[in-house]
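# I need the structure of the sequence given here:
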Amino acid sequence: MESDRARVEGDRGLSEPRLAAPLRILLSQQAAGRLAGDLAAVLAEQPYVLLAPDAAGVDADVAFVSRDVTGLSTKHELQPATRAFYAAMEGAPSLRWVHAHSAGADRPVYVRLRERGVQVTTSSGANAGVVAHSAVAGLLALARHLPQLWAAQGEARWAPLIATGLPRDLEGQHAVLLGWGPIGQRIGHLLQALGLRVTVVRQHDQPAGPGFAVVPAERLHEALPTADWLLLACPLTERTRGLIDAKMLALLPPAARLVNVARGEIIDEPALIAALQGGRLAGAFLDVFAHEPLPADSPLWGLPNVIATPHSAGFSDGNAVRVERMFLDNLRRWCGGEALHNLAG
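Below is the predicted model of the structure:
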């Protein structure tokens, strides 16, 4: 990995950088290995040094938080390696820019870094197609009563749906989609392809494209009474935190179902559980939760009308390459004094 202009701090026995005032980049050892050639090409004549989070006295200018850094950590419970990387970022007085592998920047560490003036960019769009596929897979599973059929399979019980109530045709059903970023747009077009009517809820009432009705966020309550599906694909902000509360859920018809691939904190989780348990909501596909990991005693694990997945809607073997391309593009921009893409606001 060593070159005329770069070395990795924390590896013993590597030589000192041969050029003065290198750009200091904090990243994992795995990312350093994968990106060695790309970094050399992007940075051209710019001297640089790659810093590992366990290096003594780390002070970085730039940090790249790749997926392997967070690993099995959640934003609520951190594994030691993730905690060490975060501590290295927060302990670097010269840090000016961080690029995150995630689509959002609502983890507490990013909030704290932004509060001290560090620019944080995200990888919004890198896994948009994957998340959209997961959201629609959850919708289709609920629409086709697959949880009911899976339960029967587990009991080796022949239980054709004709005996328990036929699924409704999806075509013509009404989906209310909260959020029109890269993920929301991909979900919306897939729903259209399945024949659903789609109402997009966004911060303003600008058109979303042919065939999409649009409702501004402050009028969300007007769209819910006719919704067969409520799908959440919006970022977590102070405006969206707790937005889907008991009052909003009560506006949905009893036959409606909910899909959440956004953030768990957007929903009042106890209110959601009560609605599902009381038959005031027909079902839910949930990939995100108010606390992650979802506690073992949460009723959501055992509800027959719920599909609960461990914040995995965006996982795919192609994501890492897409994230790295975004980071490298932004690194090129940052070194050239250009505006960064996906800057967290």
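# and this structure, what are its domains?
8-126+318-335, 128-308 (automatic domain parsing).
# now those domains in CSV, with distance to G345 and mean pLDDT?
(Each C-beta comes from the backbone N, C-alpha and C, glycine too.) Compiled in CSV, these are given as follows (distance: least, C-beta to C-beta, whole Å; pLDDT from 0 to 100):
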stretch, distance to G345, mean pLDDT
domain 8-126+318-335, 9, 90
domain 128-308, 9, 97
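# Distance to N342 and mean neighbour count added to the ones you listed, as JSON lines?
Listed next are the domains of the chain as JSON lines, based on distance: least, C-beta to C-beta, whole Å; neighbours: other C-beta atoms under 10 Å:
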{"stretch": "domain 8-126+318-335", "distance to N342": "5", "mean neighbour count": "18"}
{"stretch": "domain 128-308", "distance to N342": "10", "mean neighbour count": "17"}
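# how about those in JSON lines, adding distance to L343?
Below are the domains of the chain laid out as JSON lines (distance: least, C-beta to C-beta, whole Å):
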{"stretch": "domain 8-126+318-335", "distance to L343": "5"}
{"stretch": "domain 128-308", "distance to L343": "13"}
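# list the helices and strands the helix or strand containing F327 packs on?
Element membership of F327 [criterion: DSSP states H and E] is helix 319-335. Contacts defined by 3 or more C-beta pairs under 8 Å, 6 or more residues apart in numbering; DSSP states H and E place helix 319-335 against helix 29-43, strand 62-65, helix 67-70, strand 97-100.
# contacting residues around the last one?
Looking back up the chat, that one is strand 97-100. 61-65, 89, 107, 110, 113, 118-123, 326-327, 330-331, 334, 340 (C-beta atoms under 8 Å, 6 or more residues apart in numbering).
# Show me where the protein has its helices.
29-43, 67-70, 80-90, 108-115, 128-143, 146-154, 182-193, 220-223, 246-251, 269-277, 319-335 (DSSP state H).
# can you give me phi and psi for the residue most central in space within the chain?
Computing the C-alpha centroid of the chain and ranking residues by C-alpha atoms, centre = their mean puts A103 first, at 4.8 Å. A103 adopts backbone torsions of phi -80, psi -20, taken as degrees, to the nearest 10.
# In this structure it contacts G129, no?
No. A103 is beyond contact range of G129, at 11.9 Å (criterion: C-beta atoms under 8 Å).
# Show me the contact partners of stretch 331-345.
23, 39, 42-43, 46, 62, 97, 99, 104-105, 110, 114, 119-125, 326, 329-330.
# picking up where we left off before, in CSV: the helices of the chain, plus distance to L236.
Putting these into CSV (distance: least, C-beta to C-beta, whole Å) gives the following:
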stretch, distance to L236
helix 29-43, 26
helix 67-70, 16
helix 80-90, 19
helix 108-115, 11
helix 128-143, 15
helix 146-154, 27
helix 182-193, 13
helix 220-223, 16
helix 246-251, 16
helix 269-277, 14
helix 319-335, 20
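# Nearest to R257 among those would be which one?
R257 lies closest, by C-beta to C-beta, to one member of the helices of the chain: helix 128-143, at 5.1 Å.
# any idea how far the closest one is from the chain center?
14 Å (C-alpha atoms, centre = their mean, to the nearest Å).
# next one: stretch 120-135
Worked out by C-alpha atoms, centre = their mean, stretch 120-135 lies 6 Å from the chain centre.
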